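A.B. asks: build the 3D model from these lines:
(chains A, B and C)
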Amino acid sequence: MAQEYRVLLEYADKIDPANAADYIKVGGYKGLEKARGMEPKALIEEVKKSGLRGRGGAGFNAGMKWSFVPQDAPVKYVVCNLDEGEPGTYKDRIICQKNAQALLEGMAICGAAIGSNQGYIYCRGEYPFVVDLLKRAVESAKAEGVLGDFDIEARMGAGAYVCGEETALIESIEGHRGEPRFKPPFPGVEGLWGVPTVVNNVETFACLPYILTRGAEWFAGIGAPKYPGTKIVTLTGDVVNSTWFEVPTDMTLREVIFELGGGVKNGKKFKAVQVGGTSGAFIPEANLDCPIDFDSMGNMGAALGSGAVLVLDETRDIVDVVTRISKFFEHESCGKCNPCREGTFRCREIMEKINNGNGSEKDIDNLQLLSKVMQKAALCGLGQAAPIPIDSTIKHFKHEYSRKLVVTSGKGGH
Amino acid sequence: MTNTIGELENDAKAIFIIGTNTTENHPVIGYKIKQNVRRNGAKLIVADPRRIELAEMADVYMQFVPGTDVALMNSMMNVILNEDLLDKEFIANRTEGFEDFKAILEKYTPEAMEKVTGVPAEDVRKAARIYAESEAAAICYAMGLTQHSTGTDNVKTACNLALMTGNLGRPGTGVNPLRGQNNVQGACDMGGLPNVYTAYQNVTVEANQEKFEKAWGVKLSNKVGLTLTEAIGKAHHGELKALYVLGENPMMSDPDLQHVEEALENLEFLVVQDIFLTETAQKADVVFPGVTFAEKDGTFSNTERRVQRVRRAINPIEGARCDWQIICDLSTSMGYAMSYDSPEEIFEEIRSLTPSYAGITYDRIDVTGIHWPCPTVEHPGTPILHREKFNRGLGLFHVVEYKEAAELPDEEYPLILSTGRSLFHYHTGTMTRRSSGLDAHKPHNELEINPIDAEKLNIMDNEMVKVVTRRGSIDIKAKISDILEPGVIFTTFHFAEAAANRLTNADSLDPVAKIPEYKVCAARVEKIS
Amino acid sequence: MISLTIDGKEVQVPKGTMLLEACRIAGADIPTLCYDPDLKLAGSCRMCVVEAKGRRNLLATCVTPAENGMEIHTESSDVIEARKIILELLLSRHKLECHTCESDGDCKLQDYCYRYGVADSRFDGEGPHFTKPDPNPFIMRDYDKCIMCTRCVRACDEITGALAINIKDRGHHAKISTAFDGNLADSTCVFCGQCIMVCPVGALTSKVSAGKGKPYQTEKVVTTCTYCGTGCTLALNVKGDKVVGVTSVRDIEKSPVNNGALCVKGRFGWDFINSDERLTTPLIRENGELRQASWDEALDYTASRLKGIKEKHGADSIAMFTSARVTNEENYLAQKFTRAVLGTNNVDHCARL
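C.D. replies: Alright, predicted model coming up:
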């Protein structure tokens, strides 16, 4: 029987998440203390050695990312991505609500590594209570004197999915329209207000205190070797236990859904699971034995993404679900680059046409061609990933599309 | 300009704008100043009685009482002197007369001058520090500085400021008049002035006279002629009998139009050469139809002394002749044969008589214009003047004391009227009022008046009001605007139907430059009931 | 210097060179829509994408620095496919009325559709719905032709500094807008028309020139502006011996003062040239009225009147006002005429006014 492995959420509901003293009682801020005693280079090496990879979805090695920051820059920033806009994802909120001090400590550790004394938390507009909590948490940590000269400011987003993309997030903090920047230059070199900036996800930061206190080797030994550690997954949809779990990264999808999740609700049969958020691929039952780690999921043509797990039972209409998803992307495309701005709009149009029973094989061909160009040519991850639900369902559930197509009469008037 | 336009975008670390509404009257220069401020963080000091667009982005904005320019700049120099922000090396090596000049500055403390200029002393200090401490600071001015009975004093004072801080002869510095008309620089360079031949060769210097007599094959007068404003005065008195006006419109542009009208009517003979039947042409005895810039070849010299090509794009419209051709024809009719095949041939003659243009040829400026002085065909031109020395050798400090404007407000005429220009029109409107888009967008004149003054007079926005001065009155639309302080009103001179120069003063000329005091005259506004 | 291969050709470029430049050095013609050498990079049209060996995604060359050892293919099948689809996506939101378009023949969308054989768009759903009337007399804003390259937004910000326009709304519904989507006249717009200058299609055009000639029908004559003393270079557009428009000369060598930037007067204030109020014949006052006269009559009459006054009252009883608007050559002749023919130094102009 698969089991949770709690690290970040070990003391969930046992301590006051905003209270630094509570956190210190269970070993908090020891990691930061250790980090501050280390040479920045050695600290970055330690994080690299742990194998910690970004938990926001891109899976980039955290220590590596930090090492790109020029040490001699006079001003640098640490930015925490708490935009958490992926439908079905709420792990970052849970981390804040259960263990906010670990996030603050992680950001301060990053600050020690790159030589920054200012952190920003960019919080999604729908989480005003989390901003309140974080503000209290920062005050509490300051009162305990544990943050030293590292300051953290929590800022509220305004409800744009694209602002989860790190450069759009930076634009938004700067007060501009939320649109991604082209990379390079990467934020590590030219980020917030033009200075070197590390942007990491809440979960990534929250791992750091434990890596520092328990050691890089300990962390590297958990779960999948190439994507070690734990991952918080959030289960939604037609699953018995729709809740969160912290699991080692080598757990399979089947274990997550059927063992921790308790299987499909109401005794229905499983049809598909979408992992990683709205832009994730739909995975059929045959592929459920894949471990959830970043690379295994990638090899399957899917993505771990944010760790959202949306389960669909046998009664769900895949084309209808994907049509709704295409509406979401039409709405959330920022409109900067052509493939995404027009592509998401046309995807939605064609999906609706098919879903309404007016589509043809030609429309499916057009969708696939458009999907390919969007994935290859869009400016940022949003546009590149937006067609994946369409692409993956045409691949695995083509029959559901075919069923809805207009039955064209053969030539010759039969 | 002592320096170039490009330096205002790239080299100047601070720019002091006084008496130029740059974004309206030299828009492209305005863009460059804005970009320097926004992109490079250049400091901007704006001194203007109207809170013009550039004031909004200025580090210091000084809204001063019209006509107190000398008081304002002297108080800046008082700060520079007292805070020891001067460029001593520059003063020692490149200037003279500093001690005499220094002596007068003592009384111009910012506090004392606050009562005169209306500018808070702290702002003056801040402005003085920014200007004096910047690595390269440029002064830009236009007619807001010059169109005063103290216009020459104002310009000399601006020069003192630059000399005192060593802001001359280097990139990004200079004293830079932004000239209002396409070829006003060229008209001066070409000797279109009563005291000089081309390149400012004085008519009273015998050698110059001989040189031109030889070139032109006639005897010449060594008596300095009449300036435009003086000529109008002489016509009014009946001493001037005939006037030939080429592409000018004094019936709109000159002060006190009633006076101008009487003067022109008093002439025995008035010839006007223009592209339209202007207000002046309507008074003429003979009108010659000239052509626009699109119909002829030639050169213009811009405000940064860059000589650039003008190219014929279309043939002269049926019946009109190129202006150079008309002058040649008339000259020939009068018995002095003038015959040139092309403007280029005229330019070759100019080069032979004009040292600062001697090195410029049509070939050399085919692609990129050249800044005069350019003495030889090998010379690259001179973008920045006064690099090593000034024309007279050492830069001279002028002792300039503040003098009040000639006509100050009183009980009968309680307001100060300033006149100027709009972005959408040009000079007397001859061209822009006949440009469909411009005239459609801005079809009538407006009188800017502060809300407090408007309320006192019970005037609503867009209401037709009467502006009255000792010279006359016009009916005009009121535009209530807080870009002016109470007590100051502003209008433009582009519109014949509400001609600002019916109001202006022809008697208050600068004694040296003979420039009229368009920025200050006493006026009142009346409600038309 | 770094070295890379572009379409099989090895090129060396300084570090920091963008791929777009490297491709051009290698002789590859890369299509661009949002790229403008004088404006900040946007990297958004994605027309300039190329394939790099070992990279999953296509690279937008305008914003991607060249790297040592890159192997670039500028016209691979994936690249051509992407460009065609991008063009089709743009056509699907673009009002296709080339026959009446002011930019016909000077339109990058047209050029690239021709180059890649894109006649129509497979995306035949909802068409463009962005245009709304703006009654200003200068700039036609036909956003049903807009391709959202944002060059106008950047020019307004980076050249003029007016910040009159920006992007409103998101996704497909994003459009160029003033604050609160009002008319230009109610915004901070100064009608310089720099937006027209940089627009690669026919979304922004001059109302003053509308219907007077397509770009390829006009000859461009480079000259100096007739208005203020800045001395901006501009091109008079001529068709059938008539000036029908003004366009920018976007070349710092040829347009050293303004590099193509103009103001409202320079760009839109040219049609006085064709005004039917122009004087087309000399006039002589007779019985208080001006009447038409021949050139010979007017010249002879003027010569004799001036000679008469000079003889009677002396040379200094005559003055000439030359002009700050005519050429140097004409000013020279005017003062020469005054001094050598009239015999007086009474020559001045409106420098002080």
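
A.B. asks: which residues in the stretch 51-200 of chain A form strands?
C.D. replies: Secondary structure of the stretch 51-200 of chain A by DSSP state E, counting those that start in this stretch: the strands cover A:77-82, A:118-123, A:151-156, A:197-201.

A.B. asks: what angle do the next helix-or-strand element following the shortest one and strand A:77-82 make?
C.D. replies: So the one you mean is strand A:197-201. Counting by DSSP states H and E, the next helix or strand C-terminal to strand A:197-201 is helix A:202-214. Computed by axes from the mean of the first three to the mean of the last three CA atoms, to 10 degrees, the angle separating helix A:202-214 from strand A:77-82 equals 120 degrees.

A.B. asks: just list what helix A:202-214 packs against, helices and strands only.
C.D. replies: Applying 3 or more CB pairs under 8 Å, 6 or more residues apart in numbering or on different chains; DSSP states H and E, one finds that helix A:202-214 contacts helix A:30-36, helix A:40-50, strand A:77-82, helix A:91-114, helix A:216-220, strand A:230-237. Every residue, glycine included, has its C-beta placed from N, CA and C.

A.B. asks: what does that helix contact?
C.D. replies: A:7-8, A:27-32, A:34-35, A:46-47, A:50, A:52, A:54-56, A:62, A:80-82, A:84, A:91-92, A:95-96, A:99, A:102-103, A:105-107, A:109-110, A:218-219, A:229-232 (CB atoms under 8 Å, 6 or more residues apart in numbering or on different chains).

A.B. asks: report the buried residues of that helix.
C.D. replies: Neighbour-count burial for helix A:202-214, counted by 16 or more other CB atoms under 10 Å in any protein chain shown, picks out A:202-214.

A.B. asks: which residues of the stretch 1-150 of chain C lie near chain B?
C.D. replies: C:Asn136, C:Pro137, C:Phe138 (CB under 8 Å from any CB of the partner chain).

A.B. asks: 10 Å - rerun?
C.D. replies: Within reach of chain B by CB under 10 Å from any CB of the partner chain, the stretch 1-150 of chain C has these residues: C:Pro135, C:Asn136, C:Pro137, C:Phe138, C:Ile139.

A.B. asks: for A:Ala302, what are its contacts?
C.D. replies: Shown in contact with A:Ala302 (CB atoms under 10 Å, 6 or more residues apart in numbering or on different chains): A:253, A:273-276, A:280-283, A:287, A:290, A:292, A:296, A:388, A:392.

A.B. asks: what's the closest of the residues you listed to chain C?
C.D. replies: Using CB to the nearest CB, A:Ile388 comes nearest to chain C of the contacts of A:Ala302, at 13.3 Å.

A.B. asks: distance-wise, check the residue lying farthest from the centre of chain C relative to chain A.
C.D. replies: Ranked by distance from the centre of chain C (CA atoms, centre = their mean), the top residue is C:Lys312, with 55.2 Å. C:Lys312 is 76 Å from chain A, where distance means CB to the nearest CB, to the nearest Å.

A.B. asks: tell me the domain ranges of the chain?
C.D. replies: I went with chain A, as the question did not name one. A:20-220, A:224-313, A:318-404 (automatic domain parsing).

A.B. asks: actually, chain B is the one I wanted.
C.D. replies: If you go by automatic domain parsing, chain B breaks into B:5-178, B:184-371, B:415-527.

A.B. asks: could I get these as JSON lines with mean pLDDT?
C.D. replies: Compiled in JSON lines, the domains of chain B are given as follows (pLDDT from 0 to 100):
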{"stretch": "domain B:5-178", "mean pLDDT": "97"}
{"stretch": "domain B:184-371", "mean pLDDT": "97"}
{"stretch": "domain B:415-527", "mean pLDDT": "97"}
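
A.B. asks: tell me which of the strands of the stretch 51-200 of chain A sits nearest to B:Val70.
C.D. replies: Counting by CB to CB, B:Val70 lies closest to strand A:118-123 out of the strands of the stretch 51-200 of chain A; the figure is 49.0 Å.

A.B. asks: let me see the mean pLDDT of the closest one.
C.D. replies: The pLDDT scores in strand A:118-123 average 97.

A.B. asks: which stretches in the stretch 151-300 of chain C count as strands?
C.D. replies: Under DSSP E, counting those that start in this stretch, the stretch 151-300 of chain C gives strands at C:165-168, C:175-178, C:204-206, C:219-224, C:233-239, C:242-247, C:283-286, C:289-292.

A.B. asks: domains in chain C, by residue range?
C.D. replies: Taking automatic domain parsing as the reference, chain C has its domains at C:2-75, C:132-274, C:283-352.

A.B. asks: what is the burial count for the nearest residue to B:Ala284 once chain neighbours are set aside?
C.D. replies: Spatial nearest neighbour of B:Ala284, chain neighbours left out: B:Val272 (4.0 Å); criterion: CB to CB, 6 or more residues apart in numbering or on different chains. Residues lying near B:Val272 (other CB atoms under 10 Å in any protein chain shown) number 29.

A.B. asks: was I right about B:Val272 contacting B:Phe288?
C.D. replies: Yes - B:Val272 is in contact with B:Phe288 according to CB atoms under 10 Å; the separation is 7.4 Å.

A.B. asks: name the residues contacting each of those two.
C.D. replies: Common neighbours of B:Val272 and B:Phe288, counting by CB under 10 Å, 6+ apart, are B:Tyr244, B:Leu246, B:Ala281, C:Leu279, C:Leu283.

A.B. asks: do you know how far the last one is from B:Ala263?
C.D. replies: With the distance defined as CB to CB, to the nearest Å, C:Leu283 ends up 21 Å from B:Ala263.

A.B. asks: mind checking pLDDT for B:Asn391?
C.D. replies: Looking at B:Asn391, its pLDDT stands at 89.

A.B. asks: could you measure from it over to chain C?
C.D. replies: In terms of CB to the nearest CB, B:Asn391 sits 19 Å off from chain C.

A.B. asks: for A:Glu10, same thing?
C.D. replies: 38 Å.

A.B. asks: and that residue, which of the three is it?
C.D. replies: Under DSSP: H, G, I helix; E, B strand; the rest coil, the three-state class of A:Glu10 is coil.

A.B. asks: what residues are up against it?
C.D. replies: Contacts for A:Glu10 were tallied using CB under 10 Å, 6+ apart; they are A:Val26, A:Gly27, A:Lys98, A:Asn99, A:Ala102, A:Tyr210, A:Glu246.

A.B. asks: wait, the last one touches A:Val256, no?
C.D. replies: No - A:Glu246 lies out of contact with A:Val256 (CB under 10 Å); the separation is 11.3 Å.

A.B. asks: what's the burial count for whichever residue of the stretch 101-250 of chain C sits closest to chain B?
C.D. replies: Ranked by CB to the nearest CB, the top residue of the stretch 101-250 of chain C for proximity to chain B is C:Gly231, at 2.6 Å. For C:Gly231, the count of nearby residues is 28 (other CB under 10 Å).

A.B. asks: could the residues of the stretch 1-150 of chain C next to chain B be laid out in a markdown table, adding distance to B:Phe293 and pLDDT?
C.D. replies: Converted to a markdown table, these look like this (distance: CB to CB, whole Å; pLDDT from 0 to 100):
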| residue | distance to B:Phe293 | pLDDT |
| --- | --- | --- |
| C:Pro135 | 30 | 96 |
| C:Asn136 | 26 | 97 |
| C:Pro137 | 22 | 98 |
| C:Phe138 | 20 | 98 |
| C:Ile139 | 24 | 98 |
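
A.B. asks: make a PyMOL selection of the buried ones in those residues.
C.D. replies: Buried subset of these, written as a PyMOL selection, criterion 16+ other CB under 10 Å:
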select buried, chain C and resi 136+137+138+139
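
A.B. asks: right, and the helix or strand after the helix or strand encompassing B:Glu213?
C.D. replies: Assessed by DSSP H and E, B:Glu213 sits inside helix B:206-216. Per DSSP H and E, helix B:206-216 leads on to helix B:228-237 as the next helix or strand towards the C-terminus.
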